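Visitor: the following block contains a protein sequence and its predicted model.
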Amino acid sequence: MTGRARARARGRARGQETAAPGAVRAAFTSCFVLAVLQISAGFQQVKLGERGGRRRDFHDEGVNTRQLMEHVKESKSGTTGTPIQLTANFFRILSRPQWVLYQYHVDFKPPMESRRLRSALLFQHEETLGAARSYDGAMLFLPHRLHNKVTVLHSVTRNGEKVQITVTLTNELPPTSPVCIQFYNIIFRRILRILNMQQIGRNYYNPGDPLNIPQHKLTIWPGFTTTILKYESAIMMCTDVSHRVLRSETVLDIMANLRQQCGIQRFPEICAKELIGLIVLTKYNNKTYKIDDIAWDHTPNNTFKRGDTDISFRNYYKTQYGLDISDGNQVLLISHVKKMGPSGGPPPGPAMLVPELCYLTGLSDKMRADYRIMKDLSTHTRLTPDKREERLNRFVTHIQKDSDAQAELDKWGLSFDEQLLHLTGRVLRGETIFQGSKSYEYNPMTADWSREMRGLALMQSPPLNNWLMFHTRRNHNEAQSLVQTLSRVSGPLGLRIQRPVVVEYDDHQESLLRALQHNVGPQIQMVVVVLSSNRKDKYDSVKKYLCVDCPTPSQCVVSRTLSRPQALMTVATKIALQMSCKMGGELWSVDIPLKQLMIVGIDCYHDTTAGKRSIGALVASLNQSMSRWFSKCVLQHRGQEIMDGLKMALTAALKDYLKFNNCLPSRIIVYRDGVGDGQLHSVVNYEVSQIMDSIKSIGQDYVPKLTVVVVKKRISARFFYHKNGTVFNPPPGTVIDTDVTRPEWYDFYIVSQAVQTGSVSPTHYNVVYDTSGLKPDHMQRLTYKLCHMYYNWQVIHINVVMYRDKGH
């Protein structure tokens, strides 16, 4: 056992009790949490969640940024573009209660430790409380007011113990309160449980209808995401299809494989590195846990307190679930269960999990790199627009036809529309692409100009004279073919590429690293590495050395990509473009009418394994055509605000802009990605002021126009285009800025790409600060123009966001 593990074991022995997860969680199951945090400025921020924790996205509801922008107070909708009729995965709430929601504090005398027991004792008084009630272990919510402000009830436990229950009114919440809207989400989650769906994380899945992929030892649970919020036109439920991938092998199987691969000496270190941070499912109770540690000193034969008696983990699972544990020597996994229920209560001890009974969820990096696995998965999970719309309609119909679900909705006075929301969007015209001295249009329906750009010189590309190519002996032919094809495609593109110095290495990570160390020097402009496989560790070692230890532009390519002669010209062209771009080349541009404009992109990556540090990335445009960029990454410790490290980066970017243009930008637009649910308040109240401080550091008299836009790519909203009885994805350039936007925000959606399979994902843009006065039309069109400037692909993508992502 490692020193750290021994210390943790001592800590458990001295302090927190350990228990089997069923024993720890018994007090929280089949209930939800509703705890009011505070009331400020007329907005009640609440914890509204269930077993999986709080729903942080609701906290963004109190952030009203639109009221501070005079130019969009009356209207935030644009008019440019061709109107298009769409449907969206939103369902209106047709009727909702007009009652006041009454909040009560519940006190037990003597105190009752078990929340399940508290609930049972309280709900004995249905005549007084009514059938419609919600209780989280501390707070009771009712749709009607009790006769007295303080109501005293009396109950008796099974053991004959008399209990006095005091119910005290603490708050009255009107139907327009955000808390009531959030409360609808709690009710709807009850509906999902009534339909026998299981909660994993935020979403609900149907374990009774699994999709098995036996050849890869995978199982898919189909499910749905649901959120009820107040949108522009109505209170609506946004629901989308979701899938949870489960592995058929247990954690014990994985541990056995690791022990066999790395040996007994390195097993504890490798095992902890591979498993800690992963999410597992225990099928005996259909619950998920995060692996926080490994108890090297615990086995199923260890005991824990259950009531007044000691019981071994092995006997607990036998008596509680009828499960036999075959390996009595396996070590246990530790999961720190989040405290649920009333505030101020003691946190539960860590749950001890038996690896033999735990199944990993999600995909490993190795699985994601396996083309066959991803292809087989996509047949079930990548739904076409018609299939996605059909499944959504079937889901709502199922709710309508289920008598128990309807009874629960009727109890609270709620009903939903059976039809998807119909709305009108607009399609912006395609952009003209400028490349060298030429310009051309592309097919706006495909958003792809890879054919049009062939044979045309790039805007600017430095010559490549000194570069290296590394390959194994087995990949010699593929490497030579790549060199020859690069020579053929570079001429028409205006690239001047000399022959490289070729270095052969043994197919081992250590050999490749030594070859890089011996050959890469300051005079080398570019390094190309042909990898025999797409193993992540080998790729990471190359990038780490060439980005950190010996900074040199590099390009990795898997040999399999070069093995198809018919595709080699296309592959070589893309590689040549990336090589040119990494050396500072400018490939193409679009017309940006705003002058003296700087576009800034900010993102943050949170590392859950390496001490929970964060990496902040900032990129900034340096020229009018948005083809040259400043970039900077900063490493930060846990809890540190992202802008603390990036303030100096923004200042440095402004100084570089000044050097490049002999003037400072008169207008700065910041696109901020990586903002999690519930973090919008921090961006508005903290980050915007930090950005302004960075600008002031250039000079007190320097006051450019500033716009800050929060970008979210991982959203549930989906849009569908119906034409001649067939359902399609909306075409690229589709803008949606009505109905499904938020009334308190200046926000819009853009569909910025075309997809060959599945349903297209729109991107949500929320302008949280704006002194530029740009009309919504201009803001939307500028954002769409920037989507054309991601040089890795000759298709439309969010360039400033993608460049930030690549910076991590």
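Guide: Ah, there it is.

Visitor: so where do the strands sit in the stretch 1-150 of the chain?
Guide: Ranges of strands within the stretch 1-150 of the chain are 33-40, 43-50, 53-54, 82-88, 90-95, 101-109, 134-135, 139-142, 150-156, based on DSSP state E, counting those that start in this stretch.

Visitor: give the buried residues for stretch 286-294.
Guide: K287, T288, Y289, K290, I291, D293, I294 (16 or more other CB atoms under 10 Å). C-beta coordinates here come from the backbone N, C-alpha and C atoms, glycine included.

Visitor: looking at those residues, which is nearest F267?
Guide: Using CB to CB, I294 is the member of the buried residues of stretch 286-294 that lies nearest F267, at 10.7 Å.

Visitor: where does F630 sit: helix, strand or coil?
Guide: Per DSSP: H, G, I helix; E, B strand; the rest coil, the local secondary structure of F630 is strand.

Visitor: close enough to count as contact, it and G601?
Guide: No. Counting by CB atoms under 8 Å, no contact exists between F630 and G601, whose distance comes to 10.5 Å.

Visitor: pull up the overlap in contacts between those two.
Guide: In terms of CB atoms under 8 Å, 6 or more residues apart in numbering, F630 and G601 are both contacted by the residues V619, A620.

Visitor: neighbour count: these two, which is higher?
Guide: Taking neighbours as other CB atoms under 10 Å, F630 and G601 compare with G601 leading, 27 against 20.

Visitor: hey, what's the more buried one bridged with?
Guide: When assigned by DSSP bridges, G601 has beta-bridge partners V619, Y671.

Visitor: measure it to D770 for me?
Guide: Here G601 is placed at a distance of 17 Å from D770 (CB to CB, to the nearest Å).

Visitor: same check, this time on R115
Guide: Distance, R115 to D770, by CB to CB: 47 Å.

Visitor: quick revisit: for D540, state which of the buried residues of stretch 286-294 is nearest.
Guide: Within those, the smallest distance to D540 is 22.2 Å, found for I291 (CB to CB).

Visitor: spatially central residue in the protein, please.
Guide: Most central in the chain under CA atoms, centre = their mean is R714, positioned 5.5 Å from the mean C-alpha point.

Visitor: so it sits in a helix?
Guide: No. Assessed with three-state DSSP, R714 is coil; it does not lie in a helix.

Visitor: quick one: contacts for it?
Guide: Residues in contact with R714, defined by CB under 8 Å, 6+ apart, are absent; none qualify.

Visitor: give me the angle between whichever strand or helix holds T166 and strand 150-156.
Guide: Using DSSP states H and E, the element containing T166 is strand 162-173. On the basis of axes from the mean of the first three to the mean of the last three CA atoms, to 10 degrees, strand 162-173 is oriented at 150 degrees to strand 150-156.

Visitor: now for strand 162-173, which elements pack on it?
Guide: For strand 162-173, the contact count by 3 or more CB pairs under 8 Å, 6 or more residues apart in numbering; DSSP states H and E identifies strand 101-109, helix 115-122, strand 150-156 as packing neighbours.

Visitor: what comes up buried for it?
Guide: For strand 162-173, a neighbour-count test (16+ other CB under 10 Å) marks V163, I165, V167, T168, L169, N171, L173 as buried.

Visitor: quick one: residues contacting D417.
Guide: Counting by CB under 8 Å, 6+ apart, the residues that D417 touches are F91, R92, I93, L94.

Visitor: if I look at it, how far off is A120?
Guide: With CB to CB as the criterion, D417 and A120 are 37 Å apart.

Visitor: again, but for P593
Guide: Separation of P593 from A120 (CB to CB) stands at 68 Å.

Visitor: and A576, its phi and psi?
Guide: Backbone torsions for A576, taken as degrees, to the nearest 10, come to phi -60, psi -40.

Visitor: same check, this time on the one 5 residues further on
Guide: The phi and psi values for C581, taken as degrees, to the nearest 10, are phi -60, psi -40.

Visitor: enumerate every residue touching it.
Guide: The neighbourhood of C581, defined by CB under 8 Å, 6+ apart, consists of L587, Y791, N792.

Visitor: what subset of the residues you listed is buried?
Guide: So, of the contacts of C581, L587, Y791 end up buried under the neighbour-count rule (16+ other CB under 10 Å).

Visitor: which ones among the contacts of C581 map onto strands?
Guide: Secondary structure assignment (DSSP state E) places none of the contacts of C581 within strands.

Visitor: turn the contacts of C581 into a markdown table, including distance to S242.
Guide: Written out in a markdown table, the entries for the contacts of C581 read as follows (distance: CB to CB, whole Å):
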| residue | distance to S242 |
| --- | --- |
| L587 | 37 |
| Y791 | 33 |
| N792 | 28 |
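
Visitor: any idea which of the contacts of C581 is the one closest to D777?
Guide: Of all those, Y791 has the smallest distance to D777: 26.8 Å, by CB to CB.

Visitor: and that closest one, what's its pLDDT?
Guide: What the model reports for Y791 is a pLDDT of 84.

Visitor: go ahead and confirm it touches L587.
Guide: Yes. At 5.1 Å, Y791 counts as touching L587 under the criterion of CB under 8 Å.

Visitor: strands of the stretch 501-650 of the chain, start to end?
Guide: Ranges of strands within the stretch 501-650 of the chain are 501-504, 526-531, 554-558, 597-606, 614-621, 629-636, based on DSSP E, counting those that start in this stretch.

Visitor: could those strands go into JSON lines alongside distance to S77 and mean pLDDT?
Guide: Listed next are the strands of the stretch 501-650 of the chain as JSON lines, based on distance: least, CB to CB, whole Å; pLDDT from 0 to 100:
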{"stretch": "strand 501-504", "distance to S77": "58", "mean pLDDT": "96"}
{"stretch": "strand 526-531", "distance to S77": "47", "mean pLDDT": "96"}
{"stretch": "strand 554-558", "distance to S77": "44", "mean pLDDT": "95"}
{"stretch": "strand 597-606", "distance to S77": "24", "mean pLDDT": "91"}
{"stretch": "strand 614-621", "distance to S77": "28", "mean pLDDT": "91"}
{"stretch": "strand 629-636", "distance to S77": "32", "mean pLDDT": "89"}
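
Visitor: what is the neighbour count of V634?
Guide: Counted with other CB under 10 Å, the neighbours of V634 add up to 18.

Visitor: quick check: which element contains R394?
Guide: Secondary structure from DSSP H and E places R394 in helix 385-401.

Visitor: now that helix - C-alpha only, PDB.
Guide: In PDB, the C-alpha atoms belonging to helix 385-401 read as follows (Å, rounded to 0.1, in the frame of the first residue of the first chain):
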ATOM      1  CA  PRO A 385     -33.600  14.000 -37.700                       C
ATOM      2  CA  ASP A 386     -36.700  11.900 -38.500                       C
ATOM      3  CA  LYS A 387     -35.800   9.200 -36.000                       C
ATOM      4  CA  ARG A 388     -35.000  11.700 -33.300                       C
ATOM      5  CA  GLU A 389     -38.200  13.500 -33.800                       C
ATOM      6  CA  GLU A 390     -40.100  10.200 -33.900                       C
ATOM      7  CA  ARG A 391     -38.600   9.100 -30.600                       C
ATOM      8  CA  LEU A 392     -39.400  12.500 -28.900                       C
ATOM      9  CA  ASN A 393     -43.000  12.300 -30.000                       C
ATOM     10  CA  ARG A 394     -43.200   8.700 -28.800                       C
ATOM     11  CA  PHE A 395     -41.800   9.700 -25.400                       C
ATOM     12  CA  VAL A 396     -44.500  12.400 -24.900                       C
ATOM     13  CA  THR A 397     -47.300  10.100 -26.100                       C
ATOM     14  CA  HIS A 398     -46.100   7.500 -23.600                       C
ATOM     15  CA  ILE A 399     -46.500  10.100 -20.800                       C
ATOM     16  CA  GLN A 400     -49.900  11.000 -22.100                       C
ATOM     17  CA  LYS A 401     -51.100   7.400 -22.100                       C
END
